[in-house]
Structure formats: structure tokens, C-alpha cells
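Undergrad: turn this into a structure:
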Amino acid sequence: MSELFGPSPSTTSPDLVQLLTPEGQRLEHPEYRFTVDGDEAEAVRGFYRDMVLVRRLDVEATALQRHGELGIWAQLLGQEAAQVGAGRATRPQDFVFPTYREHGVAWCRGVDPLRLLGLFRGVDQGGWDPEENNFGLYTIVIGAQTLHATGYAMGMQRDGVVGTGDPARDAAVIAHFGDGASSQGDVNESFVFAASYNAPVVFFCQNNQWAISEPIERQTRIPLYRRAEGFGFPGVRVDGNDVLATYAVTQAALQRAREGGGPTLVEAYTYRMGAHTTTDDPTRYRLSDEVETWKLRDPIARVEAYLRRNGLAEETFFAEVETEAEGLGARLRAGCKALPDPDPVALFDNVYAEMPDELRRQRDDYRTYLASFEGVA
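TA: Numbers count the residues shown, from 1 in each chain. Model (predicted):
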């Protein structure tokens, strides 16, 4: 497989879109440019803040699981740029379909991190309202959300919110999944439907090199982004540890979709520096040298290097972000432990628009059963 992928796509591949090197040096690309409304330096500082706070969320949640406060946690360590770049490229009217690891995207869409912790603590099944932030509930079934996303995008076409020329109206969908999910039938079926109906959907694959313990080399014979060719729509590989490039590529793909140009596959080439989840031990299947190599491409460190190198942020800025991260950590620790246990009977809520009589009887019987334990020591 080495002859297909080369020594290090994040630094040597001519097909890789990169705008910021691991050393913090800006690059130009013939097709993709980092452009934002307003002050560019302020936007980059905002990306840095987002990534630091998202990493703190990840660190705190991992610690909470280790202390028995969460049942499990899906880590994103090392993937902050891919998620923040993609998340910030969306518009309010766009709709996001996540897997179970898109904590950074959830942050960018305004979902309270405590809502995420509630899901992994087991006190709810995803307590946020998808319509409030246009951010779907986490999907545990691998790859299923890509079909949901494609169907939703086809609905947008029929609702007349694609290709109108009105930037406040035109909308698109983005579906997140990992390299492991790319082997699922659901993902490939969604590619077929999206291409056939020219659906306004961006398939955003975070290729973090490992599908739990299975390396990418055992999953595909070609780079993942090239799979799009066989379905008839474009694919692009971006340095997923470069938040500027990820933002630029995702922004372009979403705009193409909003204008009626159809689907795009974005492969964010990144690395999972942590474990797959807190039940996983990655030392059993990967080399420490590999992890150390990718630490040198840390997405947060390269933005910090860029800001410092070019005098775009004072020392007080970094101190303020760190103070904010400490405050977020404290809020998450206290808030997680204070999350109320759910009412067991709520299990029957929100299953049907109108509850069938049979289900209503089951609910009432269950309520009677629970009542029988009242006063029992």
C-alpha cells in the first residue's frame, strides 16, 4: 500500500489541500483560498479558541469517564481542526448530520456540551433539539446518517431552498463519517442516491487512519476521496489538521451544493491521537512512533505558531483562552454530576406522533410496576 499513499500525505501529496504548514507557515493554493467576512486575523484567533475549548471538552469528558461519571466517551484528540473548520464553514440554514464523535462540530453549531455529556452519561438519548441548531442527534449505527443526510438534502430540493440565488435562503447538508464507515453499505448507497438526484450534500469523511483497530491500508486500495469519481461527483483531500484549509474546502463544497451543483466528498486527512473510545486500548495495535509523528502536526500548535510568528495575537489572548478553558472544564465537571436521572416512564415519549393504545397500556403497566417499589428499602 505504500506505493499508493506515499510516505506522508499530510506533507508530500500533491493532491492534498494545505494552507497552513505544521510549522505555522501560510501557503497559497491555486483553487482554494481562506476567505472570511470581516477581519481575517480575528477569525483565525476564533478558530484557535474553538479548538482549545473543544480539546478541553474532550479531555474533561475522558476524565469524567475514567471517574465513572460517563459510561463511555468517543475521543476526538487530534481532529479538532477538521471539525472546527467544517463546522464554521456552515451557515445557519444548513443541516448537519453527525456520527458520535462530532463534538467540535456540535460546539460550532451552538450545542451545549453538557447535552453531549448527558447522552454519554445515559440520562437522555441526546437531549438537544435538532431543529434549534440544525444539528442532528448523534448516530451510533455506523454510516446510517449519510442516508439520512441524502434524504434530507433531496427534501431541501423539493422545498425550493437550493439554487435560488438568495444566500440567506439557499441551504445544503453536510454528513460526517469516518474512514471505517466508508466501508459500510449505507455510505455507498447514499453516494448513489446523492449522485442520481444531484442532492445538495457534502460527505465529510474524517480519515483518522484507524477504524478502531483496522488501519486504512486494509480498507481501501485507493485514497478515499477518489471513490467519488466512480459515483460521478468530485472528491477532494484536505489536510484535516489544517483548520484554514478545512474551512476553505468545506466552504467551497457547501456553496457548490447550495447553488445546485450537487454532492462533494471531502476527505479530511487527519489522525486520531487518542483512543477510538474510552473502552479502547490503541497501544495494542499501533506503534507509539506513529503517534509521536502526528503530534508534530498538532492542529492547535500550528495555529498558535502562525499567530505568534506573525504577531497576530498578544500573550494576553492565549492566557485568556486558557482561563476560559479552565472555566469550561469546571462547568462540565459540576454540570455533568448535577444532570438529573431521567424518569423511566419517559422511555415511551417521542416514539410516535400519536401514541397507539397498545403502547399506552404498556406505559401504564410499567408505571404501576415502578410504583410497586415505592417505600421498599
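Undergrad: going forward, measure contacts and count neighbours with C-alpha atoms only.
TA: Will do.
Undergrad: any idea where the strands of the stretch 1-150 of the chain begin and end?
TA: 16-17, 95-97 (DSSP state E, counting those that start in this stretch).
Undergrad: point out the most buried one among the ones you listed.
TA: Burial of the strands of the stretch 1-150 of the chain is given as mean neighbour count (mean count of other Cα atoms under 10 Å); strand 95-97 ranks first at a mean of 26.
Undergrad: now it, how far from the centre of its chain.
TA: Distance, stretch centre to chain centre, for strand 95-97: 10 Å (Cα atoms, centre = their mean, to the nearest Å).
Undergrad: which strands and helices sit next to it?
TA: helix 144-159, strand 173-178 (3 or more Cα pairs under 8 Å, 6 or more residues apart in numbering; DSSP states H and E).
Undergrad: below-threshold pLDDT in this protein: ranges please.
TA: Filtered on pLDDT under 70, the chain yields the residue ranges 1-13, 376-377.
Undergrad: which one's the longest helix in it?
TA: Longest helix of the chain, by residue count under DSSP state H: helix 40-66.
Undergrad: buried stuff in that one?
TA: Within helix 40-66, the residues that count as buried by 16 or more other Cα atoms under 10 Å are 44-45, 47-58, 60-65.
Undergrad: go on, stretch 131-148?
TA: Across stretch 131-148, burial judged by 16+ other Cα under 10 Å covers 133-139, 142-147.
Undergrad: what of stretch 300-315?
TA: Per 16+ other Cα under 10 Å, stretch 300-315 contains these buried residues: 300, 301, 302, 303, 304, 305, 306, 307, 313.
Undergrad: and the strand or helix carrying residue 236, how far from the chain's centre?
TA: Per DSSP states H and E, residue 236 falls inside strand 235-239. In terms of Cα atoms, centre = their mean, the centre of strand 235-239 is set 16 Å apart from its chain centre.
Undergrad: residues touching it, excluding its own?
TA: Strand 235-239 has contacts (Cα atoms under 8 Å, 6 or more residues apart in numbering) with 10, 15-18, 225-229, 245-246, 249, 264-270.
Undergrad: and whatever helix or strand comes next after that strand, what other elements does it pack with?
TA: With elements assigned by DSSP H and E, the helix or strand that comes after strand 235-239 is helix 243-258. On a contact count with 3+ Cα pairs under 8 Å, 6+ apart, helix 243-258 meets helix 80-88, strand 201-207, strand 235-239, strand 264-269.
Undergrad: starting at the chain centroid, how far to the first one?
TA: Helix 80-88 has its average C-alpha position 7 Å from the chain's average C-alpha position, going by Cα atoms, centre = their mean.
Undergrad: which neighbouring elements make contact with it?
TA: helix 40-66, helix 103-108, helix 243-258, helix 299-309.
Undergrad: sorry, back to before: of all the helices and strands packed on helix 243-258, which one is nearest residue 116?
TA: helix 80-88 (15.4 Å; Cα to Cα).
Undergrad: the closest one to strand 264-269, inter-axis angle?
TA: Angle, helix 80-88 to strand 264-269, by axes from the mean of the first three to the mean of the last three Cα atoms, to 10 degrees: 150 degrees.
Undergrad: thinking residue 45 is in contact with residue 313, fair?
TA: Yes: with contact defined as Cα atoms under 8 Å, residue 45 counts as touching residue 313 (7.4 Å).
Undergrad: mutual contacts of these two, please.
TA: Counting by Cα under 8 Å, 6+ apart, the common neighbours of residue 45 and residue 313 are residue 307.
Undergrad: quick one: end-to-end distance for stretch 188-202.
TA: This stretch, stretch 188-202, spans 14 Å end to end (Cα to Cα, to the nearest Å).
Undergrad: over to stretch 74-91?
TA: 26 Å.
Undergrad: in that stretch, what's buried?
TA: So, applying 16+ other Cα under 10 Å, buried residues of stretch 74-91: 74-91.
Undergrad: can I get stretch 132-141 as PDB, trimmed to CA atoms?
TA: This file holds the C-alpha atoms of stretch 132-141, laid out as PDB (Å, rounded to 0.1, in the frame of the first residue of the first chain):
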ATOM      1  CA  GLU A 132     -32.800  24.500  17.300                       C
ATOM      2  CA  ASN A 133     -29.300  24.300  15.800                       C
ATOM      3  CA  ASN A 134     -29.900  22.300  12.600                       C
ATOM      4  CA  PHE A 135     -27.600  19.700  14.100                       C
ATOM      5  CA  GLY A 136     -28.900  16.100  14.100                       C
ATOM      6  CA  LEU A 137     -28.700  13.700  17.000                       C
ATOM      7  CA  TYR A 138     -25.600  11.600  17.300                       C
ATOM      8  CA  THR A 139     -25.800   8.400  15.200                       C
ATOM      9  CA  ILE A 140     -24.400   5.200  16.700                       C
ATOM     10  CA  VAL A 141     -25.300   2.900  13.700                       C
END
